[in-house]
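Asker: Provided below are the primary sequence and the corresponding predicted coordinates.
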Amino acid sequence: MKVITLIAGILSVLILMLSGPLYQAEVLELRQAFMGFRVALIVGAIVLVLVLIQVIFMRKNIVWSTIIFSTLLALVAVGFPLGMMNKGKSVPAIHDITTDLVNPPKFNAILALRADAPNPAAYQGEEIASQQRSAYPELQTQTYSQSSDLVFDATLESVKNMGLEVVTADKATGQIEAYDTTAWFGFIDDVVIRIQSQAGETILDVRSKSRIGRSDLGKNAERIREILDGIALN
């Protein structure tokens, strides 16, 4: 049983780890890749049961190093999917986040890259704005006393420091567009930043939107916070 337990533990983690790369390689569809999470969780749970059986009924024949290793593998296979599920329950099932819910920045240069994206570039308005207000009330338009040129340069630097791929950075229009590719699944989220001068101040708004998927598990909100936190102004 100890060999079966170890093999099952290794298999559960492999299923979990390979789901993203196989989706990126177009070997699996997205639905199948997510199914891999469920399979990994189930196999991991079975491993934990097998470990418990051995600890209770087969203690004399236990190889503790194998048991501990199998348990750690199973905890990863079970814990990661459960963590994602809990994250999904804690945030709204939306994928378009912006600091300006009334007049969000619009994608322009990046539209050609989104041509085949399942999620349209248009903002859905109050349908998602109300959910964002409740979940992310801190994400609001930013106001700076520095000039728009300084804010633009600092914002662009923040975007580059995060490793986003810049599509356009037009200081004349005050617009920056970029995209971010997640490492595991290769999901692409688009970012548009609008910087304007208004009544002697500089107004900055950010919008981050996923190309695919209903829920972003809070990733777009996290990205906006990181962009804003990375703006270094003297």
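Answerer: Good, I have the coordinates.

Asker: how many other residues sit next to the closest residue to Thr168 other than its chain neighbours?
Answerer: Excluding the flanking residues, the one nearest Thr168 by Cβ to Cβ, 6 or more residues apart in numbering is Ala109, at 4.0 Å. (Each C-beta comes from the backbone N, C-alpha and C, glycine too.) Residues lying near Ala109 (other Cβ atoms under 10 Å) number 16.

Asker: Now do Ala109 against Phe185, distance only.
Answerer: 25 Å (Cβ to Cβ, to the nearest Å).

Asker: Look at Val76 and report its pLDDT.
Answerer: Confidence at Val76, expressed as pLDDT, is 96.

Asker: Please, which helix or strand holds it?
Answerer: helix 64-90 (DSSP states H and E).

Asker: With Gly9 instead?
Answerer: Applying DSSP H and E as the criterion places Gly9 in helix 2-24.

Asker: need the next SSE after that helix, C-terminal direction.
Answerer: Going down the chain from helix 2-24, the next helix or strand is helix 30-57, by DSSP H and E.

Asker: pLDDT on that following helix, on average?
Answerer: Rounded to a whole number, the mean pLDDT of helix 30-57 is 93.

Asker: cool, stretch 145-163 as well?
Answerer: 97.

Asker: follow-up on the earlier one: got the CA positions of the helix holding Gly9 in CSV?
Answerer: In CSV, the C-alpha atoms belonging to helix 2-24 read as follows (Å, rounded to 0.1, in the frame of the first residue of the first chain):
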residue,chain,number,x,y,z
LYS,A,2,2.9,2.4,0.7
VAL,A,3,4.0,2.2,-2.9
ILE,A,4,0.5,2.9,-4.2
THR,A,5,0.2,5.8,-1.8
LEU,A,6,3.5,7.3,-2.9
ILE,A,7,2.7,6.9,-6.6
ALA,A,8,-0.8,8.4,-6.1
GLY,A,9,0.7,11.3,-4.3
ILE,A,10,3.2,12.0,-7.1
LEU,A,11,0.4,11.6,-9.7
SER,A,12,-1.9,14.1,-7.9
VAL,A,13,0.8,16.8,-7.9
LEU,A,14,1.8,16.1,-11.6
ILE,A,15,-1.9,16.4,-12.6
LEU,A,16,-2.1,19.7,-10.8
MET,A,17,1.2,21.1,-12.1
LEU,A,18,0.7,20.1,-15.7
SER,A,19,-2.8,21.4,-16.1
GLY,A,20,-1.6,24.9,-16.9
PRO,A,21,1.3,24.1,-19.3
LEU,A,22,-0.8,21.6,-21.2
TYR,A,23,-3.5,24.2,-21.6
GLN,A,24,-0.8,26.7,-22.9
